[in-house]
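Enquirer: Got a predicted structure plus its sequence, pasted below:
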Amino acid sequence: MSTSGERPVRARSKGTAKAPVHGSSRLRLLGLAGIALVTLGAVGGCASDDSAQPSAVAVGPADETSAPATPPPPTLAPTLEPNFTPPEPVTSPFGLTVQVGPVEAALGHRASVVTLTNDGEQAVTVDGYPEVRILDADGQDLGVRTEHDSSYMAIDPGPAPVSIAPGEQVLSVISWSATVTDPDAIDRGAYVVVTTMPGEPQQTFPLDADLGSAGELSVTAWATELVE
């Protein structure tokens, strides 16, 4: 059969050249092509015989390679279930609502933003720093040291009276280092207890605090916005 009138077709892909066929793979492809041509010729020659019955003809050897079975899902390590139920939120006498944001990570450092919103009808003035304690999964106080200072994650503006009008809010940042220098002194917190100011109730929130072996927190003063 002449193929002089045909032009080879080349598959194109973006950025990746198709690998050429070599050696036994090329021979196998040529052999399969020959089998296909012979089979087509045989079927065409039998078409004039009305008594002949059509039959299925194998073009080439059956591919014995079946699709790979779906691998089983990976076995996950059991999650440590807390054995502590935090107390229900307590109503603030000043109409203040506390929220603790998700943990943000950067180069082995961690931080969480505490937001204090005035949901009352009168302005409230806060001054200084929130009181913060870290509890483990059993609700036990880890005794983590707290510093009122800047950290890698946040700048401390320093304590100053800040008035919160109804509907407004102020912010404070809790930060720590997850670096481990002593494998026998690793702390992991599951909750944070926040007291926004004297006279306000304690509020407990979930917080995944991988404290490393430093066992220390940095807390910034209340401010209307974070200092960059």
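Expert: That came in fine, so what should we check first?
Enquirer: C-alpha from now on. contacts and neighbour counts both.
Expert: OK.
Enquirer: can you give me the strands in this protein?
Expert: With strands called from DSSP state E, the chain shows them at 96-100, 104-106, 109-118, 124-127, 131-135, 145-148, 161-164, 169-177, 187-195, 203-212, 216-219.
Enquirer: tell me what the fifth one is packed against?
Expert: Packed against strand 131-135 by the contact rule (3 or more C-alpha pairs under 8 Å, 6 or more residues apart in numbering; DSSP states H and E) you find strand 187-195.
Enquirer: just the angle between the strand it packs on and strand 96-100, please?
Expert: Angle, strand 187-195 to strand 96-100, by axes from the mean of the first three to the mean of the last three C-alpha atoms, to 10 degrees: 170 degrees.
Enquirer: Parallel or antiparallel, which strands does strand 187-195 pair with?
Expert: Applying DSSP bridges to the sheet, strand 187-195 is found paired with strand 131-135 (antiparallel), strand 203-212 (antiparallel).
Enquirer: out of the strands of the chain, deepest packed?
Expert: Mean neighbour count (mean count of other C-alpha atoms under 10 Å) peaks for strand 169-177 among the strands of the chain, with a mean of 24.
Enquirer: contacting residues around that strand?
Expert: Contacting residues not belonging to strand 169-177 are listed as 108-118, 129-130, 151, 153-154, 164, 211-212, 214, 216-226 [C-alpha atoms under 8 Å, 6 or more residues apart in numbering].
Enquirer: what about 6 Å?
Expert: If you take C-alpha atoms under 6 Å, 6 or more residues apart in numbering as the criterion, strand 169-177 is touched by 109-117, 217-224.
Enquirer: Alpha carbons of it, in CSV - could you do that?
Expert: Extracted in CSV, the C-alpha atoms of strand 169-177 (Å, rounded to 0.1, in the frame of the first residue of the first chain):
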residue,chain,number,x,y,z
GLN,A,169,-13.8,47.0,68.5
VAL,A,170,-10.2,46.8,69.6
LEU,A,171,-7.6,44.2,69.0
SER,A,172,-4.8,42.3,70.8
VAL,A,173,-2.4,39.7,69.5
ILE,A,174,-1.3,36.5,71.2
SER,A,175,1.8,35.0,69.7
TRP,A,176,4.4,32.3,70.4
SER,A,177,7.2,30.3,69.0
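Enquirer: if we can go back for a sec, ok, which of the strands paired with strand 187-195 comes nearest residue 83?
Expert: For residue 83, the closest of the strands paired with strand 187-195 is strand 131-135, at 11.6 Å, according to C-alpha to C-alpha.
Enquirer: so where is the protein shaky, pLDDT-wise?
Expert: 1-82 (pLDDT under 70).
Enquirer: Dump the strands of the chain into JSON lines; add distance to residue 89 as well.
Expert: Formatted as JSON lines, the strands of the chain follow (distance: least, C-alpha to C-alpha, whole Å):
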{"stretch": "strand 96-100", "distance to residue 89": "9"}
{"stretch": "strand 104-106", "distance to residue 89": "24"}
{"stretch": "strand 109-118", "distance to residue 89": "14"}
{"stretch": "strand 124-127", "distance to residue 89": "20"}
{"stretch": "strand 131-135", "distance to residue 89": "16"}
{"stretch": "strand 145-148", "distance to residue 89": "23"}
{"stretch": "strand 161-164", "distance to residue 89": "21"}
{"stretch": "strand 169-177", "distance to residue 89": "18"}
{"stretch": "strand 187-195", "distance to residue 89": "11"}
{"stretch": "strand 203-212", "distance to residue 89": "6"}
{"stretch": "strand 216-219", "distance to residue 89": "22"}
